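Student: test case, fold it:
(2 chains)
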2 protein chains.
Amino acid sequence: MSFKEKGLLVVLSGPSGVGKGTVCKALRSRRSALQYSISVTTRKPRQGEIDGVHYFFRTREQFQEMIRKEELLEWAEYVGNLYGTPVGYVKETLEKGQDVILEIEVQGALQVKRRFPEALFIFLAPPSLSELKKRIIGRGTETESLIENRMSVAKSEMELMENYNYVVVNDQVDKACDRIEAIVLAEHCKVARLIEKYRKNKEFDER
Amino acid sequence: MSFKEKGLLVVLSGPSGVGKGTVCKALRSRRSALQYSISVTTRKPRQGEIDGVHYFFRTREQFQEMIRKEELLEWAEYVGNLYGTPVGYVKETLEKGQDVILEIEVQGALQVKRRFPEALFIFLAPPSLSELKKRIIGRGTETESLIENRMSVAKSEMELMENYNYVVVNDQVDKACDRIEAIVLAEHCKVARLIEKYRKNKEFDER
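Tutor: Numbering: from 1, shown residues only, chains lettered A, B, ... in the order given. Reported below is the predicted structural model:
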């Protein structure tokens, strides 16, 4: 078969506190065929963290240089540190035919959409706002006013759902993973993705 | 939640000999939440077949009356008998929120598309045309010229794939079922289907 299918870029996003990290970790442990992109960050490596494995550790200057050169698919500042997704790694992996998953904030997802409109945007949603509040409180690290602030951000983020292709409710981590895997599998069956393969496949062509 | 999600109409189709019946039977035995539509036919009931369970048995006159009244979603003549899908049963089941699967020929699928463009059209494809030929020969009921004829029909049917949403290769029945189930699950996660639910859900609305 001469046709080489490109990988899918899967963007998993949703309000903070919804459980993106937990779902991604569970997907990893299922050994899904998804490749995880390695982020660039300006924060200092923690004990045991290896450059190029856990993160690409860069200085703030190097990071800003990457922004200028448009080498980042998306980036954001968080608690004084910069975090971003290097476009090179993502493109190379997709070219090899492997699917890549990015776990990012809602604002970052919208940045990715401008450069990769053909990516698959999955919105991870809480079963309800009261459940989201419970999860945020459950972390036990936030003050009352911080919680209210995060809830109000989450509510505005819910309204950005319409920019996504799919919404997956994170009621149970396992079920959320099932749905994400189903979405990726289904996308690989889309006629729009495969029609070229059939057209280029001699055996289906010659008559 | 005030929003009632309608069921999905899933149309499974593909060249004859590809294994539509086998895949549907396997889906049934998995107890998928898919409802199977009951066909109307003018052929005589075989031993053990019950009207309203296996088929709706009708006279040719009754059948033609159904065509005139547009009570059939699609119909076709096969070996001297008429077969069709009653539109009433399909609509009622979808309204209840249940997914319905139709296993029909390619020509029938195109008829359904005119009336239900929002249905999910899945093209069941053979791994290759030589494999399809093997399966047709394997049935052992066909003469050489009939086989050639069916192969030529199959080749033109393959070209109609672009009218479908998804293509599922029937390389292994179990894998084909996995893909079909994934497609149905993924479709239920589409933002376009769910956004109304979120908009109508008070808890996500009030702020």
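Student: and the residue nearest the centre of chain A, how far is that from A:Leu120?
Tutor: Central residue of chain A (C-alpha atoms, centre = their mean): A:Leu102, 2.5 Å from the mean position. Here A:Leu102 is placed at a distance of 10 Å from A:Leu120 (C-beta to C-beta, to the nearest Å). Where C-beta positions appear, they are placed from N, C-alpha and C, glycine not excepted.
Student: mutual contacts of those two, please.
Tutor: Counting by C-beta atoms under 8 Å, 6 or more residues apart in numbering or on different chains, the common neighbours of A:Leu102 and A:Leu120 are A:Leu9, A:Val10, A:Val11.
Student: A:Ala192: which of the residues you listed is nearest?
Tutor: A:Leu9 (15.5 Å; C-beta to C-beta).
Student: tally of neighbours for A:Asn149?
Tutor: 12 (other C-beta atoms under 10 Å in any protein chain shown).
Student: my bad, A:Gly17
Tutor: 22.
Student: can you tell me which residues contact it?
Tutor: So A:Gly17 contacts A:Pro126, A:Leu132, A:Arg135, A:Ile136, A:Arg139, A:Arg150, A:Ala154 (C-beta under 8 Å, 6+ apart).
Student: got those as a markdown table, with secondary structure and neighbour count columns?
Tutor: Formatted as a markdown table, these follow (DSSP: H, G, I helix; E, B strand; the rest coil; neighbours: other C-beta atoms under 10 Å in any protein chain shown):
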| residue | secondary structure | neighbour count |
| --- | --- | --- |
| A:Pro126 | coil | 23 |
| A:Leu132 | helix | 24 |
| A:Arg135 | helix | 17 |
| A:Ile136 | helix | 22 |
| A:Arg139 | coil | 9 |
| A:Arg150 | helix | 17 |
| A:Ala154 | helix | 21 |
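Student: quick one: what helix or strand has A:Tyr198 in it?
Tutor: helix A:191-200 (DSSP states H and E).
Student: alpha carbons of that helix, in CSV - could you do that?
Tutor: What follows is helix A:191-200 as a C-alpha-only set of coordinates in CSV (Å, rounded to 0.1, in the frame of the first residue of the first chain):
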residue,chain,number,x,y,z
VAL,A,191,-14.1,7.9,5.1
ALA,A,192,-12.6,11.4,4.7
ARG,A,193,-9.3,10.1,6.1
LEU,A,194,-9.3,6.8,4.2
ILE,A,195,-10.7,7.5,0.8
GLU,A,196,-7.3,8.5,-0.6
LYS,A,197,-5.9,5.2,0.6
TYR,A,198,-8.6,3.3,-1.3
ARG,A,199,-8.1,5.5,-4.4
LYS,A,200,-4.4,4.9,-4.4
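Student: for that helix, name the packing helices and strands.
Tutor: Packing contacts for helix A:191-200, counted by 3 or more C-beta pairs under 8 Å, 6 or more residues apart in numbering or on different chains; DSSP states H and E, involve strand B:166-169.
Student: buried set for the strand it packs on?
Tutor: For strand B:166-169, burial by neighbour count (16 or more other C-beta atoms under 10 Å in any protein chain shown) applies to B:Tyr166, B:Val167, B:Val168, B:Val169.
Student: which strands and helices sit next to the following helix or strand past that strand?
Tutor: Sequence order places helix B:173-188 as the next helix or strand after strand B:166-169, per DSSP H and E. For helix B:173-188, the packing partners by 3+ C-beta pairs under 8 Å, 6+ apart come out as helix A:173-188, strand B:9-13, helix B:20-29, strand B:120-125, strand B:166-169.
Student: and if we set it to 7 Å?
Tutor: The contact analysis (3 or more C-beta pairs under 7 Å, 6 or more residues apart in numbering or on different chains; DSSP states H and E) places helix B:173-188 against helix A:173-188, helix B:20-29, strand B:120-125, strand B:166-169.
Student: kindly indicate which of the buried residues of strand B:166-169 lies nearest B:Val184.
Tutor: B:Tyr166 (10.1 Å).
Student: beta partners of the closest one?
Tutor: As for beta bridges, B:Tyr166 partners with A:Lys190, B:Ile122 under DSSP bridges.
Student: that one is in contact with B:Ala125, isn't it?
Tutor: No: using C-beta atoms under 7 Å, B:Tyr166 makes no contact with B:Ala125, being 10.2 Å away.
Student: make CSV out of the helices and strands packed on helix B:173-188 and add distance to B:Arg46 and mean pLDDT.
Tutor: Below are the helices and strands packed on helix B:173-188 laid out as CSV (distance: least, C-beta to C-beta, whole Å; pLDDT from 0 to 100):
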stretch, distance to B:Arg46, mean pLDDT
helix A:173-188, 37, 96
helix B:20-29, 15, 90
strand B:120-125, 25, 97
strand B:166-169, 30, 96
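Student: JSON lines please, covering these and showing distance to A:Met161.
Tutor: Output for these, formatted as JSON lines (distance: least, C-beta to C-beta, whole Å):
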{"stretch": "helix A:173-188", "distance to A:Met161": "15"}
{"stretch": "helix B:20-29", "distance to A:Met161": "31"}
{"stretch": "strand B:120-125", "distance to A:Met161": "22"}
{"stretch": "strand B:166-169", "distance to A:Met161": "24"}
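Student: okay, now the domains of chain A?
Tutor: A:1-34+A:99-207, A:38-97 (automatic domain parsing).
Student: could you say which of the ones you listed is packed most deeply?
Tutor: domain A:1-34+A:99-207 (a mean of 17; mean count of other C-beta atoms under 10 Å in any protein chain shown).
Student: centre of the chain to it, how far?
Tutor: Computed by C-alpha atoms, centre = their mean, to the nearest Å, the chain-centroid distance of domain A:1-34+A:99-207 equals 6 Å.
Student: count the residues that sit near A:Tyr36.
Tutor: Neighbour count of A:Tyr36, defined by other C-beta under 10 Å: 14.
Student: got the contact list for the residue lying closest to it once chain neighbours are set aside?
Tutor: Of all residues beyond its chain neighbours, the one nearest A:Tyr36 is A:Ile101 (6.1 Å), with distances taken as C-beta to C-beta, 6 or more residues apart in numbering or on different chains. If a contact means C-beta atoms under 7 Å, 6 or more residues apart in numbering or on different chains, then A:Ile101 has A:Val10, A:Leu12, A:Leu34, A:Tyr36 as its contacts.
Student: rebuild the residues you listed as TSV, extending it with pLDDT.
Tutor: Below are these laid out as TSV (pLDDT from 0 to 100):
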residue	pLDDT
A:Val10	96
A:Leu12	96
A:Leu34	88
A:Tyr36	88
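Student: all good on my end, thank you.
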